[in-house]
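[1] Sharing a sequence plus its predicted fold:
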Amino acid sequence: MIEMKAKCIVKGYGEGEAIVLNQSLSIFGQINMLTGELMGHDVGELRGKCVKGKILFFTHGMAASGTVIAVNEIASNGVAPAAIVQVTYPDTPTVQGCIMSGIPVVSQPDMNPFDHVKTGDWVEVDSTRGIVRVIPKKNK
């Protein structure tokens, strides 16, 4: 198990499989608000993967005026991630949407998550305490 310390942005707890995007993410433009699926050619092999109940890792957000609405729609449709781990400090619209939707968010982990977390690993995020625990997926 790997444990990282991170800065609490939105308090809460979430656990689930990791979805790891070692790049920026536009919640407004790259997550289908009805299905929760990642979309667009920019997300590569993760295209079509659903963020519902997952721990979403990405480098930084690409804020748009519709981001708050997009986060709310994703949550209202029951397809929101269980938590978000962002390497840089999150943009204001993402934070506002996550506060309104109850999605825990941490940022600036003390380790580079892209060196330690892979899509499919089990992750627990206790954002209130600023802790991210990673249980690597066992190779079959």
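    Yes, it's here.
[2] Check which element follows the least confident helix or strand in the chain by mean pLDDT along the chain.
    None of the helices or strands of the chain scores lower by mean pLDDT, DSSP states H and E than helix 27-30, at a mean of 92. Along the chain past helix 27-30, the next helix or strand (assigned with DSSP states H and E) turns out to be strand 55-58.
[3] That next one pairs with which strands, and in what direction?
    Sheet pairing here is set by DSSP bridges, and for strand 55-58 it gives strand 13-21 (parallel), strand 83-86 (parallel).
[4] could the ones you listed be laid out in JSON lines, adding mean pLDDT and mean neighbour count?
    Heads up, the C-betas are built off the backbone N, CA and C, glycines and all. Formatted as JSON lines, the entries for these read as follows, by pLDDT from 0 to 100; neighbours: other CB atoms under 10 Å:
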{"stretch": "strand 13-21", "mean pLDDT": "97", "mean neighbour count": "19"}
{"stretch": "strand 83-86", "mean pLDDT": "98", "mean neighbour count": "28"}
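[5] Dump those into a markdown table; add distance to residue 136 as well.
    Below are those laid out as a markdown table (distance: least, CB to CB, whole Å):
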| stretch | distance to residue 136 |
| --- | --- |
| strand 13-21 | 10 |
| strand 83-86 | 16 |
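[6] Tell me which of those strands lies nearest to residue 101.
    With distances scored as CB to CB, the stretch of the strands paired with strand 55-58 nearest to residue 101 is strand 83-86 (10.7 Å).
[7] Would you mind identifying the next helix or strand past the closest one?
    Scanning forward in sequence from strand 83-86, with DSSP H and E defining helices and strands, the next element found is helix 92-101.
[8] Many thanks, I have nothing further to ask.
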